[in-house]
Every structure is written in C-alpha cells, then in structure tokens.
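[1] Model the structure of this input:
(one chain, ligands or ions: 2)
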Amino acid sequence: MGLCSSKVEPDLPKIEERRSAEDVHTNIENLPDEALDFNTNDASIRAAPIYADKDEHCSTENNDVKKTSSIISKVDSGTGKKTRFSTNETNVESPIPLEGPTQLKKYILNNPNVKLSTSKLLKDDMVNQTANKSSLSMSNTRDMSGVYSPLGDLQDTSQNEDTHKVLLLGVGESGKSTVLKQFKILHQGGYTNDELHKMRPVIYKNLLEIASDICKARRKYKIPVGESDIKNFKDTIRDVDEFMNTLSLSIENRGDFITRNVPLEDAEVNDIVGLPPKFFAYLAILWKTPATQALLKSKHRKNFHLLGNASYFVDSLERISKPDYVPTVDDVLKARIQTSGIQETTVEMQEDNIKLKIYDVGGQRVERKKWIQCFSNVSILIFCVSLSDYDSPLEEDTKINALSESIQLFDSIVNSKWFVNTQVMLFLNKIDIFIKKLKQSPLNNYFPEYSGDPDDAKASVKYILTLLKSRNRANLTIYPHVTQATDSSNIELVFATLAETVLENKIKNLSAI
Ligand SMILES: Nc1nc2c(ncn2[C@@H]2O[C@H](COP(=O)(O)OP(=O)(O)OP(=O)(O)O)[C@@H](O)[C@H]2O)c(=O)[nH]1
Ligand SMILES: [Mg+2]
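    Ligands and ions are numbered 1, 2, ... in the order given. Predicted coordinates:
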C-alpha cells in the first residue's frame with residue numbers, strides 16, 4: 001500500500017508520476033530498510049530521506065535534454081555521504097551550453113522564458129547543492145502577533161513570485177520553533193555567545209517547570225513523601241515539595257531568583273535571573289527518587305504534562321547549576337519556549353535564487369484561531385507531529401491524548417480548501433524520545449489497534465504514519481520525514497529536500513507560463 005496519494009495535474013504528468021507510491025522518495029512503507037535506518041540502541045538518528053529518480057525527460061522549448069537514469073540514493077545524515085542503490089546512464093542531448101545538471105537548473109532559473117514539459121532536473125545534484133553549498137541568510141524575523149489584519153499583509157508577500165511561503169503547523173510542543181532554530185544554526189552562523197547567554201533564564205524557567213510538574217503530579221496521584229522514597233530522600237522531598245508549593249502559589253519572598261513578585265505560572269522568562277543553589281539539589285533528588293521514577297513509568301503518566309526534554313536537563317543539572325553557566329547550542333535546541341502569535345522569518349537561499357518566508361505559529365488550542373491569517377498562498381506546509389506524544393496528554397487539556405489531537409488537527413488541515421495546491425512535508429518528529437519511551441511504554445497501551453511488535457520502533461512509526469495518512473482524504477501529495485528537530489545533521493537533510501521542492505515548484509510555475 002502506498003503512503004502518498006497523488007494529485008491529478010494533467011499538465012505535469014512526469015511530476016505526478018514521480019510522486020506516485022512507487023517512486024516517492026519518502027514513501028516509508030516501500031523504502032529499503034536503510035531509509036528508516038535509525039539506530040534503536042542509540043539516541044542519534046539515522047533516518048534519511050530517499051531520493052528516487054526515474055526515466056527523466058526534460059524538454060525545453062527549443063531543445064531536448066534527456067536523462068534516462070534510475071537512481072535511488074540515500075544520504076547519510078551523519079556524514080552527509082550519499083549512497084546509490086542503482087544508476088543507469090545519463091544521456092544529455094542539448095545545444096544549450098550545459099555542463100551538468102547544476103548549469104541546467106541555473107540556466108532555467110535565469111531564463112524565465114524557457115518552458116519545461118517536466119520539472120524533474122537531475123535531483124541528485126540539486127540535493128548536493130542545497131545540502132552543501134547553498135548560502136542561506138535569514139533576516140527580518142518579526143513577531144506578527146496582533147500586527148495582522150486577516151490576509152492583508154501576508155497575501156502581499158506571498159504573491160511575490162520570488163518568495164515562497166512556508167508554513168509550520170502542528171500542535172503545541174511538536175517542534176515547529178525548533179525547526180526554525182535550525183535555520184539559524186545551519187545557515188546563519190548559529191548563536192553568538194551573547195545570544196547563548198541570554199538563554200539562561202529560559203533554561204532556568206524550564207527547570208522550574210519540570211520541578212513544578214513533578215510536584216503537582218505527585219500531589220495529584222497522592223504519592224506521599226516516603227511511600228517508596230528511600231529513607232535519605234524523605235526530608236529533601238518534603239523540602240522540595242514545600243519549596244515548589246510556595247513557588248507556585250506566590251514567589252513574593254523569592255527575590256533571590258525572581259525580580260518581580262509574580263506567581264510562577266505568570267512569570268516571564270525575564271523575571272528569572274537565577275535560581276538558589278539548593279534548588280538544583282532539590283530537583284536532582286526529586287527526579288531520582290524511586291516514587292517519582294515509578295510515577296513516570298506508571299499509568300498516570302498519560303494524565304500529566306512534563307517537558308519532553310526533562311531528563312536531558314535533569315542530567316545536566318550539575319553543569320547548569322554553575323554560577324558561570326552559559327547555555328550550549330544543544331541546551332538552546334532542547335529548551336522549550338511556547339510560541340504565541342505568528343513569527344515571520346525571511347530566509348534567502350542565495351545560490352538557488354530562492355527566498356522563503358517562513359511562518360511559525362503557536363500550536364496550542366488558544367493559538368490556533370490565529371492560524372487562518374497565514375493560510376493563503378502557502379507553497380510548502382511543514383506539519384510537525386511529535387511521535388513521542390503517543391503516551392502524553394495535551395498541555396492545555398490533560399484529558400486529551402496529544403498524538404490523537406495531532407492526528408485530528410492533521411485531518412482538518414490536509415482536508416482544508418486552503419492547501420489544495422500546497423506541498424505537505426510531514427515531520428514525524430522526536431524520534432529520539434519516541435525510541436527511548438517505547439521500551440518502557442508500549443504503543444498499544446495507548447493505541448490498542450496497533451498489533452505489531454511492541455519493541456519495534458520502525459513498525460510503530462509506520463503505524464502512526466498510516467493513521468495520519470488515512471486522514472488524507474483530499475489526496476494531497478505528502479512527503480513524510482522521520483525527524484529529530486534537535487539534531488542539526490538530520491534537519492540539514494530535510495532542508496535540502498525542502499529547497500529542492502521549492503525549486504521544483506518554481507520550475508513548475510515557469511512551465512505554466
Ligand atoms: N529530544 C527532542 N526534543 C525535541 C525535538 N523536537 C522538539 N523538541 C523539544 O520539544 C519542545 C517543544 O518544541 P518547540 O519547537 O518549542 O515546539 P512548538 O511546536 O514550537 O510548540 P508551540 O510553540 O507551543 O506551538 C522543546 O523543548 C524542543 O527542544 C526532537 O526531535 N527531539
Ligand atoms: Mg513554537
């Protein structure tokens with residue numbers, strides 16, 4: 001069974017042919033095993049997209065350029081090295097002074113009058129080029145909250161033929177803003193020391209939230225101090241519970257780490273200038289106590305919220321507690337800052353003559369009513385689904401399973417009239433957390449219809465993908481990618497396919513002239 005359906009666009013049969021179930025490069029069910037080659041013993045992910053080219057035929061107005069090749073290549077996300085599974089000969093017949101596919105692509109992009117009968121242009125080369133050479137620049141990031149009048153501003157920018165609109169959608173915490181951070185890291189020279197330093201309060205706030213969530217859950221499920229906490233932990237747990245209790249009600253007397261007298265829930269990141277040293281010790285003990293660990297593995301886990309990267313930050317407590325602590329890039333990627341409103345970012349891919357306007361939105365329910373403001377003229381929709389949400393509740397409504405909400409949201413987006421001409425990249429994200437969780441918390445505990453091997457991560461991912469795909473009643477072309485948004489090498493590959501898709505769209509538009 002194919003994972004991706006094709007739209008019927010008679011003008012461009014070759015494109016649709018390539019995107020059929022047999023050819024599509026991210027058709028997980030039909031891929032060789034290497035395509036889903038994530039190492040289940042290791043948090044590092046090796047999930048690479050597959051590029052499949054087949055019997056390409058590109059004809060310009062006056063000249064024919066033929067390439068008969070059948071290539072399936074895989075790019076290793078760690079090394080960037082490409083492996084070919086099979087290739088045939090390439091035959092170029094063209095009086096256009098072209099030395100290779102890059103030149104052909106440039107020629108076409110620089111000559112808008114050239115008409116193409118298909119957009120398929122030696123994709124291997126494009127992938128290399130976009131992954132390795134493209135110079136991107138990001139500018140003009142602005143918070144659009146409250147700025148928009150519906151459709152006005154946004155329609156204007158997206159109607160510029162050189163600007164391609166990319167929209168990031170998904171429920172809260174699915175990884176949208178982390179994907180955006182990767183643009184900065186991969187193509188904007190990354191974070192300066194100053195920028196890293198400024199992230200300190202964010203990390204502190206994440207730690208406070210982790211402690212607060214655990215204390216609340218312990219109280220909710222009546223896990224009394226000492227029930228199964230080993231003897232030496234009892235006093236500390238009592239202290240930390242009391243400490244967090246005070247903290248979440250009022251922090252009036254906590255001037256040592258908060259500059260304003262506001263409850264934790266209302267504290268802005270800038271309110272937090274530091275944390276008292278005992279807090280780090282408290283949190284470390286609170287986390288490792290047997291009762292807390294049992295709670296994290298218990299059936300109650302699906303009913304309380306906890307940051308996905310809680311264990312990463314708890315493991316890093318010693319480092320973070322140091323007075324001269326400066327967050328690392330990894331800390332920044334793993335940190336959680338909820339997006340509110342709409343963030344617009346311009347990214348220029350200069351070498352490919354592509355300009356992207358990327359829109360990042362807040363994914364929580366209350367935020368979604370703002371989304372429609374940026375639904376028009378979207379070239380590429382990146383829909384993020386957090387795989388690791390399968391056993392977690394929504395942060396804003398703990399009665400709802402977060403993955404079910406994601407599937408439901410995907411349903412309403414892909415079947416919406418706004419996206420009938422949009423390419424959809426589906427990011428099956430947080431594969432690293434998913435793999436770790438699966439060992440302790442089998443998928444079929446939450447999705448009983450899953451009948452595969454509980455330990456089989458690939459089968460579990462495929463099942464979730466099938467659930468999502470079954471909602472694609474509009475038959476949109478969907479490109480699924482298994483991703484770890486916190487892993488730059490993994491996302492770099494996905495960006496390469498994004499650039500490639502934009503180029504194809506551009507050429508497709510040229511062909512329609
Ligand atoms: N380990 C891991 N953490 C991830 C991954 N993707 C995102 N995260 C973390 O998940 C949390 C939420 O990510 P965000 O990018 O803020 O999610 P979002 O979709 O922008 O959320 P909203 O702004 O609320 O809509 C952050 O702590 C990220 O570091 C991933 O692939 N692996
Ligand atoms: Mg966000």
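
[2] Name the single longest helix found in this protein.
    helix 488-511 (DSSP state H).

[3] neighbours around residue 401, how many?
    18 (other C-beta atoms under 10 Å). Yep, even glycine has a C-beta here, placed from its N, CA and C like the rest.

[4] Same check on the one 5 residues further on?
    Using other C-beta under 10 Å, residue 406 has 26 other residues around it.

[5] now swap in residue 477 and tell me
    19.

[6] Let me know the pLDDT of residue 180.
    Looking at residue 180, its pLDDT stands at 92.

[7] can you pull the contacts of it?
    By C-beta atoms under 8 Å, 6 or more residues apart in numbering, the contact set of residue 180 is 168, 343, 345, 358, 360.

[8] Just the buried ones among those residues, please.
    Buried members of the contacts of residue 180, scored by 16 or more other C-beta atoms under 10 Å, are 168, 343, 345, 358, 360.

[9] mind putting those residues in TSV, distance to ligand 2 and pLDDT included?
    Output for the buried ones among the contacts of residue 180, formatted as TSV (distance: C-beta to the ion, whole Å; pLDDT from 0 to 100):
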residue	distance to ligand 2	pLDDT
168	8	97
343	8	92
345	12	88
358	12	93
360	6	96
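
[10] Need the per-residue pLDDT for residue 415.
    Note for residue 415: predicted pLDDT of 95.

[11] which residue packs closest to it, ignoring adjacent ones?
    Leaving out its chain neighbours, the residue that sits closest to residue 415 by C-beta to C-beta, 6 or more residues apart in numbering is residue 474, at 4.7 Å.

[12] For this structure, which residues are neighbours of ligand 1?
    Within the chain, the positions near ligand 1 by C-beta under 6 Å from any ligand atom are 170, 172-178, 308-309, 333-336, 338-339, 362-364, 384, 429-430, 432-433, 484-486.

[13] near ligand 2 too, which of those?
    176-177, 339 (C-beta under 5 Å from the ion).

[14] I'd like to know which elements the longest helix of the chain is packed against.
    Helices and strands touching helix 488-511, by 3 or more C-beta pairs under 8 Å, 6 or more residues apart in numbering; DSSP states H and E, are helix 101-110, helix 123-128, strand 163-169, helix 176-187, strand 354-361, strand 380-386, strand 423-429, strand 478-482.

[15] Of those, which shows the lowest average pLDDT?
    helix 123-128 (a mean of 29).

[16] Near ligand 2, which residues of the stretch 251-400 of the chain are found?
    Counting by C-beta under 5 Å from the ion, the stretch 251-400 of the chain sits next to ligand 2 at residue 339.

[17] and stretch 172-189, which residues are buried?
    Those buried within stretch 172-189 under the rule 16+ other C-beta under 10 Å are 172-187.

[18] what's the answer for stretch 385-401, then?
    Judged by neighbour count using 16+ other C-beta under 10 Å, the buried positions of stretch 385-401 are 385-396, 401.

[19] Mind telling me the two of the residues you listed farthest from one another?
    387 and 396 (19.8 Å; C-beta to C-beta).

[20] where does this protein dip in pLDDT?
    1-161, 224-273, 349-352, 509-513 (pLDDT under 70).

[21] Quick one: the strands in it, in order.
    Along the chain, the segments classed as strands by DSSP state E run 50-59, 64-75, 82-84, 136-143, 163-169, 342-349, 354-361, 380-386, 423-429, 478-482.

[22] Redo the buried residues of stretch 385-401 as JSON lines? Include distance to residue 448.
    Formatted as JSON lines, the buried residues of stretch 385-401 follow (distance: C-beta to C-beta, whole Å):
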{"residue": "385", "distance to residue 448": "20"}
{"residue": "386", "distance to residue 448": "20"}
{"residue": "387", "distance to residue 448": "18"}
{"residue": "388", "distance to residue 448": "19"}
{"residue": "389", "distance to residue 448": "17"}
{"residue": "390", "distance to residue 448": "12"}
{"residue": "391", "distance to residue 448": "13"}
{"residue": "392", "distance to residue 448": "17"}
{"residue": "393", "distance to residue 448": "17"}
{"residue": "394", "distance to residue 448": "20"}
{"residue": "395", "distance to residue 448": "24"}
{"residue": "396", "distance to residue 448": "25"}
{"residue": "401", "distance to residue 448": "12"}
